[in-house]
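Participant: what would the 3D arrangement of this be:
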Amino acid sequence: MRRPMVEFGCAQCYGEDAQAVWRGQRERFEHEAEVVDGSHFSVDVQRCRDCSQRFVWIFTEFVDWMGGDDSRYMTVMPLTAAEATGLVAGTLRPHDLGALGRDRRRLSHDWPTGGPAGLRWDSGSFLVREGR
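Facilitator: Numbering: from 1, shown residues only. Predicted coordinates:
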């Protein structure tokens, strides 16, 4: 049985237009905490300046050492207050974040090697992998 989607955010940070949300990221989001700081894998908690909704930002890069056009993936997903607190405190592991996607949508921005970049709203569980 599919769980209902949970309501998150405001029109500025979680609106229907993925392009508008992505374009407004620098002005609308404020960095709260760094959970993982790596050159090929990072996890941060950021907050919407308009509604205070917290989001996890997951960055993964896979370096292939050929040509410099390495694949990169960014996932931006809203968190409940308890989830954000658990992630920062270490009781919610970054690799477990993908299971939260089952009841909420997330912004996925992908730059695959050799292909065009893609930006879209996704939903459903997803795999969180460290880059290399």
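Participant: quick check: Pro78 touching Cys10?
Facilitator: No - under the contact definition of Cβ atoms under 8 Å, Pro78 does not touch Cys10, with a separation of 10.6 Å. C-beta: built from backbone N, CA, C; applies to glycine.
Participant: how about the lowest-mean-pLDDT helix or strand in the chain: buried residues?
Facilitator: Each helix and strand of the chain was given a mean pLDDT (mean pLDDT, DSSP states H and E); the minimum falls on helix 25-28 at a mean of 83. With burial defined by 16 or more other Cβ atoms under 10 Å, the residues of helix 25-28 counted as buried are Gln25, Arg28.
Participant: helix or strand next in line after it, which one?
Facilitator: Stepping forward along the backbone from helix 25-28, the first helix or strand reached (DSSP states H and E) is strand 29-37.
Participant: from the contact counts, what lies against that following strand?
Facilitator: Judged by 3 or more Cβ pairs under 8 Å, 6 or more residues apart in numbering; DSSP states H and E, the packing partners of strand 29-37 are strand 41-48, strand 54-62, helix 81-89.
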